[in-house]
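J.: sequence first, then the predicted structure, then my questions.
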Amino acid sequence: MLSPRIACVLVLVMAVVCLPAVAQISNLDFTQIGLNGSAKPVGNPTYLSLTQDGNFYSAGSAWWTTSQPVGNGFTSVFQFRISHNNQYSNLPADGIAFVIQNAASFGEGGPLSAIGGTGGDIGYGAQPGEGAPSIDNGLAIEFDTYQNAWDPNANHVAVQSCGTGSNTPEHSQICPSGQSSTLGIQSMPGINIADGNVHTVILQYDPGLLSIFVDNSGVPVLVVPVRLDQLLNLIELETGLGAYVGFTGGTGADTEEADILSWTFTPGGNTNPTTVTQMLTPGPGPNFTNYVFGSYNHKYEYSNANPGDTVSVTATPDTPNDVNQGFYNIDGSFPGAMCVTYDGTGGDCVVFHAQCSETQGSDCQNLQYTLFESYNTNQQISSPCLLKSENPNGPWTNIETGFSEIRFDPTTSGGTKGFSYFVVAQNCSAPQPAQQLTGNNCNGTYVGTYRGNLTVSNGQSCIFTGGGVTGNLTLNGGSVVLQSNSSVTGNLVMSGGSLSVTGSTVYGSLQISGPSSFAVGPNATIGGNLQIQNIPAGAGTNQVCGASVGDGNLTVQKSGVATQVGSTSSYICPGNTVSGNLTVQSNSGATSVDSNSVHGNLTDQNNAGATQVFSNTINSNLYCTGNTSITGGGNTAHAKTSQCTAF
């Protein structure tokens, strides 16, 4: 994999033969899986149990009932769990295997009835002279949990095949063809195959090379040189040379529960999507999570993820025309941009869709990460960019932050938050690098992304349209406009000047103070706190409406000018959504707090200027004390106190 040329972008987963088309395997659909021996569907949601703990000397096999194209390569992803209870036997045994086969020795049942011996035969093979059945014309990738006489230990991965002859699990066996039965073998230090945990396997076959990845590793545990079209007798399909694919397992005098929990199989050059699901590593970092898709690899670098965070990444190959100007339409946001074509896709580009789920916290929106993407390509790349969008057809923003070169191809880098759609492209209209935006150079309208931190001072006027800043943005004077899905990856700190944020995101906190005038919203998202304080009299009327404060508090404090928080009939802008508390305190200018949704408390206190509190929805309490002049009504809250008791 990832040869001969590697490019990296750093940014922040059976009938008979001769069917007219072959469907990608995307789940454990038991209406399309043939079962033999001990293999059976279990549980809700249903998974595949190959062998059962306490079921001695058993073997099971499961085959997708439609043969799959394998000659042009494939990517297969599956999750397994092997567990053992000591009440049944002393040790877990014997393991599972992923098998590719066109067996000819199973009579009328054909390949769909293929099953090997029990125990150390792991359901696919037989020991010479044993007399047990064996799957011929096949290749097995075994995950072995018991040390037989021919095994190096009780925790290894091996690739076994005697070509078109009968397969065997004995690693020292010489096949009738004269070759060794073992094409490759590797112990598994750091990973216990039979520990009862869920393990993820990614099998990547590019003709000539089979790579086996286990448990969130961007580095294969075993790489085996092999050509399936030369090793096996494959079936002629309309979509290439094919074989039957599936799983086997076996127990002997010792037993184990061996389960396949999920499975995808995507033939090489196939335009169907492939999904890989991984758990993020919780705790301090940096931590890394890898997603391997054939000739390209997605990798996240991050810190302080919460336990239970899961991210599924779906890679969809599509034509350059569809990505550039068709359905995905990156040209609509970056005229002239072209997606990068990946080797192994038949000239297609790849669109990635990352979906996040969490059991606590708000990591799916607020976990900051860097995204690395490595890929094979022969395309000459200029002005690379990594585009991100909340929707598959845009608008797109460029989160690329750097450019370097590995081997013959480039590496770009970028950091972001929120898991959504990504496309690697080139020829994106981009502004000057951030380090050149000093003095009075930041003047004009920009559609690209500035790399690093940016400071805007008096005399400067910067308008960002579909772009933004990947670091912190400091506004000491002048003016800044963020619009049309622009973003600031870090914090936005304002101590003077003019600011407008509409339809855009500040992933960190927004802090406003000093002689400032501002309009935040509509459709603005603040990832951290939104804090407005110490605004002197005469700075102008300020407004926050239609904004979402995603993971923090909204505070207006010690302002000397009129400040609108939310909407009134005179503003065509909705109220704000605040995940924490909304506090309006010690302001001498008039304040209006209207039509907001507050998940915490709303506190309005000690304001010398006139203040009003109308039509807010408050999950906790409404506190109003010490205000010189206050009016309100139509609020809902868990409790209302003091001056707001009747509001």
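T.: Perfect, thanks for sending it. Residues are numbered from 1 along each chain as shown.
J.: for the rest of this, base every contact and every neighbour count on C-alpha atoms.
T.: Will do.
J.: list the neighbouring strands of the strand or helix carrying L622 plus their orientation.
T.: Assigned by DSSP states H and E, L622 falls within strand 621-625. Here strand 621-625 has these sheet partners by DSSP bridges: strand 602-605 (parallel), strand 639-640 (parallel).
J.: most tightly packed of those strands?
T.: strand 602-605 (a mean of 24; mean count of other Cα atoms under 10 Å).
J.: can you list the residues that contact it?
T.: Under the contact criterion Cα atoms under 8 Å, 6 or more residues apart in numbering, strand 602-605 has outside partners 581-586, 618, 620-627.
J.: can I get it in CSV, CA atoms only?
T.: Extracted in CSV, the C-alpha atoms of strand 602-605 (Å, rounded to 0.1, in the frame of the first residue of the first chain):
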residue,chain,number,x,y,z
LEU,A,602,-30.2,33.7,32.9
THR,A,603,-29.0,36.4,35.2
ASP,A,604,-29.8,40.1,34.8
GLN,A,605,-28.4,42.2,37.7
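J.: check which element follows that strand along the chain.
T.: strand 611-614.
J.: just checking, what packs against the next helix or strand after that following strand?
T.: Following strand 611-614 in sequence order, the next helix or strand is strand 617-618 (DSSP H and E). On a contact count with 3 or more Cα pairs under 8 Å, 6 or more residues apart in numbering; DSSP states H and E, strand 617-618 meets strand 597-598.
J.: if we can go back for a sec, redo the strands paired with strand 621-625 as JSON lines? Include mean pLDDT and distance to P189.
T.: As requested, the strands paired with strand 621-625 are exported to JSON lines (pLDDT from 0 to 100; distance: least, Cα to Cα, whole Å):
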{"stretch": "strand 602-605", "mean pLDDT": "96", "distance to P189": "55"}
{"stretch": "strand 639-640", "mean pLDDT": "94", "distance to P189": "58"}
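J.: pretty sure Q380 belongs to a helix, no?
T.: No: per DSSP: H, G, I helix; E, B strand; the rest coil, Q380 lies outside any helix segment and is coil.
J.: now the strands for the stretch 301-450 of the chain?
T.: 310-318, 338-339, 349-357, 368-375, 384-389, 397-398, 402-406, 409-413, 415-417, 421-426, 443-446, 449-450 (DSSP state E, counting those that start in this stretch).
J.: out of those strands, the one nearest N329 is which?
T.: Nearest to N329, of all the strands of the stretch 301-450 of the chain, is strand 338-339, at 10.0 Å by Cα to Cα.
J.: can you list the strands that that closest one pairs with?
T.: Partners of strand 338-339 in its sheet, by DSSP bridges: strand 421-426 (antiparallel).
J.: which outside residues touch the strand it pairs with?
T.: Contacts for strand 421-426 (Cα under 8 Å, 6+ apart): 9, 337-340, 350-354, 381-392.
J.: care to break this protein down by domain?
T.: The chain is divided into the following domains under automatic domain parsing: 27-267, 274-426, 435-644.
J.: rank these by pLDDT, which is bottom?
T.: Lowest mean pLDDT within these: domain 274-426, a mean of 82.
J.: please report how far S58 lies from F464.
T.: 66 Å (Cα to Cα, to the nearest Å).
J.: any chance of the strands paired with strand 621-625 in TSV, plus distance to W396?
T.: Formatted as TSV, the strands paired with strand 621-625 follow (distance: least, Cα to Cα, whole Å):
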stretch	distance to W396
strand 602-605	36
strand 639-640	44
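J.: phi, psi for the residue nearest to P133 when sequence neighbours are not counted please.
T.: Excluding the flanking residues, the one nearest P133 by Cα to Cα, 6 or more residues apart in numbering is G116, at 4.9 Å. Main-chain dihedrals, G116, degrees, to the nearest 10: phi -100, psi -160.
J.: isn't G116 up against G131?
T.: No: in this structure G116 lies outside contact range of G131 using Cα atoms under 8 Å: 10.6 Å.
J.: more crowded one of those two?
T.: G116 (26 against 9; other Cα atoms under 10 Å).
J.: for the more buried one, which residues are in contact?
T.: Neighbours of G116 in contact, by Cα under 8 Å, 6+ apart: A59, I122, G123, Y124, G125, A126, A132, P133, S134, I135.
J.: how about the helices in the stretch 101-250 of the chain?
T.: Under the criterion DSSP state H, counting those that start in this stretch, the stretch 101-250 of the chain contains helices at 228-231.
J.: confirm D551 sits in a helix?
T.: No: counting by three-state DSSP, D551 is not part of a helix but coil.
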